[in-house]
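Peer 1: below is the sequence, then the predicted model.
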Amino acid sequence: MPRIAIIGAGIAGVSCAYELAADGHEVSVFERRGSVAAEASFANAGTIAPALALPWTKAAFGLGWRGKQWKAARHAGFAERAEATLRLAVYSHQHLQALRRALKLDYERAEGQLVLLREKADREAIQPGLDRLNALSLVVRELDAAACHAAEPGLNPEAKLHSGLLLPLAEVGNCRQFAHLLRIEAQKLGARLRFHTTVRSLDASGEIVHEYTPPDDVGGTAGPASEAGDTVPQTQGPRGERFDAVIVCAALDAARLLGRKLPLRTATSHSVTAPLRQLEAHPDLGPRGSVTDHQLGVSLSRIGQRVRATAADLDSAHKALHDWFPGATLPGQALRWSGEHVELPDGLPVIGGAERLWFNFAHPDAGFTLACGSARAVADRLAGRKSEVDVTSLDLSRFG
């Protein structure tokens, strides 16, 4: 039975653990925190929308990161990689649904994704993205302001709204809750999790060096409550161990572990999650599914009886929530969260590998959307099978 090590227990790592365990591999997951989904997957938007797997608007030319984005989007292979990512997103959504039904996974979820466009200029700016989606038969339904309010009755009627877009194959879910449920299914198949364990190094032969690291040794808070009872007991000090294959899903540590310079940058997402008011006279307080304010770059997600606003900064999150659903939440009970993730200039994930070293990271905002499909693709390729979606163009080789 092949022995597989997975580094990182976010939504990508947990999905890989399940798929590889289901294929009959002996799986060990190494996670520096005390729980699965403890970092970027902890309180994210939870959006599962293939149409949002890529940004719709072109990055403006400039220096620094914007300049790198401009250059990456004009690379000869970008169109092929973008198409592969969108096809993977569609497949991943389908695979997630199949898993949810087959495994009877009961987590907080709601269907529907509405993109709100405040001004006419917002609609004009996204045309390149819509053209790409239409070419792949991801037809987006355009709505006028009145139709937007019909789709999401809780929207503020006084907020300025030009139009909206209703996306196909879209839903929102509690990513962390899903990760915990899938972890349980992976463990039923024999997968082992080693929390509070940091991988210090790895090499192409499949050997890794890992070490037990208490919460104070992994940089600040340990995130949610630890689950050390689920782990394999660890000895003190570094320990070497050899595996038949290693899959790197720890995006924040990817460059260090792979021992190469990658054009990664670390970005921070913020979210505020607040309970919805329960008023019989107003049953549609808050969003029914997921609502995206395109201009502010904010996602407003229905998570059970709560609403979560996710953005690059908390001010934008609070503004969007107040603009679109004023008075819908109990702000005194709101929970705030910040989490780091990595991004590449082309905005696409890294999926692939060969022989003993594989990788599945840098999904940014599409993490939940791509997780199940990318895990299945890696598992198929590791086993020498043809995957449902060709992801070879998303390999690390694109960086030379």
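Peer 2: Done, it's in.
Peer 1: any buried residues in stretch 278-293, and which?
Peer 2: 285-293 (16 or more other Cβ atoms under 10 Å). C-betas here are computed from N, CA, C, even on glycine.
Peer 1: one more: stretch 329-345?
Peer 2: For stretch 329-345, using 16+ other Cβ under 10 Å, the buried residues are 329, 334, 337, 339, 341-345.
Peer 1: ok, back up a step: farthest-apart pair in the buried residues of stretch 278-293, please.
Peer 2: Farthest-apart pair in those is L285 and T292; separation 18.8 Å (Cβ to Cβ).
Peer 1: in JSON lines: the buried residues of stretch 329-345, plus distance to D313.
Peer 2: Formatted as JSON lines, those follow (distance: Cβ to Cβ, whole Å):
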{"residue": "T329", "distance to D313": "19"}
{"residue": "A334", "distance to D313": "16"}
{"residue": "W337", "distance to D313": "13"}
{"residue": "G339", "distance to D313": "13"}
{"residue": "H341", "distance to D313": "15"}
{"residue": "V342", "distance to D313": "18"}
{"residue": "E343", "distance to D313": "16"}
{"residue": "L344", "distance to D313": "21"}
{"residue": "P345", "distance to D313": "21"}
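Peer 1: from V14, how far out is L396?
Peer 2: Here L396 is placed at a distance of 22 Å from V14 (Cβ to Cβ, to the nearest Å).
Peer 1: ugh, typo on my part, it should be L276
Peer 2: In terms of Cβ to Cβ, L276 sits 28 Å off from V14.
Peer 1: more neighbours: those two, which one.
Peer 2: More crowded of L276 and V14, by other Cβ atoms under 10 Å: V14, with 31 against 19.
Peer 1: can you tell me which of the buried residues of stretch 329-345 is nearest L161?
Peer 2: Nearest to L161 among the buried residues of stretch 329-345 is T329, at 20.1 Å by Cβ to Cβ.
Peer 1: wouldn't that closest one be in contact with Q278 here?
Peer 2: No. Contact criterion Cβ atoms under 8 Å: T329 and Q278 do not qualify, at 11.1 Å.
Peer 1: for the helix or strand containing S316, buried residues please.
Peer 2: Assessed by DSSP states H and E, S316 sits inside helix 314-324. By 16+ other Cβ under 10 Å, the buried positions in helix 314-324 come out as 316-324.
Peer 1: mind putting these into JSON lines with distance to A159 and pLDDT?
Peer 2: Below are those laid out as JSON lines (distance: Cβ to Cβ, whole Å; pLDDT from 0 to 100):
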{"residue": "S316", "distance to A159": "15", "pLDDT": "96"}
{"residue": "A317", "distance to A159": "16", "pLDDT": "96"}
{"residue": "H318", "distance to A159": "15", "pLDDT": "95"}
{"residue": "K319", "distance to A159": "11", "pLDDT": "97"}
{"residue": "A320", "distance to A159": "10", "pLDDT": "97"}
{"residue": "L321", "distance to A159": "11", "pLDDT": "96"}
{"residue": "H322", "distance to A159": "10", "pLDDT": "96"}
{"residue": "D323", "distance to A159": "5", "pLDDT": "97"}
{"residue": "W324", "distance to A159": "6", "pLDDT": "97"}
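Peer 1: for A150, state which of these is nearest.
Peer 2: For these, the residue nearest A150 by Cβ to Cβ is W324; the value is 15.0 Å.
Peer 1: any idea how far R306 is from the closest one?
Peer 2: For W324, the distance to R306 - Cβ to Cβ - is 15 Å.
Peer 1: would you map the helices across the stretch 1-150 of the chain?
Peer 2: 11-22, 64-73, 78-103, 120-125, 127-135, 145-151 (DSSP state H, counting those that start in this stretch).
Peer 1: then the stretch 251-400 of the chain?
Peer 2: Counting by DSSP H, counting those that start in this stretch, one finds helices in the stretch 251-400 of the chain at the ranges 254-258, 314-324, 367-382.
Peer 1: G164: which of those is closest?
Peer 2: When the helices of the stretch 251-400 of the chain are compared by Cβ to Cβ, helix 314-324 sits nearest G164, at 11.2 Å.
Peer 1: show me what that closest one is packed up against.
Peer 2: Contact here means 3 or more Cβ pairs under 8 Å, 6 or more residues apart in numbering; DSSP states H and E; on that basis helix 314-324 packs against strand 265-275, strand 290-293, strand 298-303, strand 306-311.
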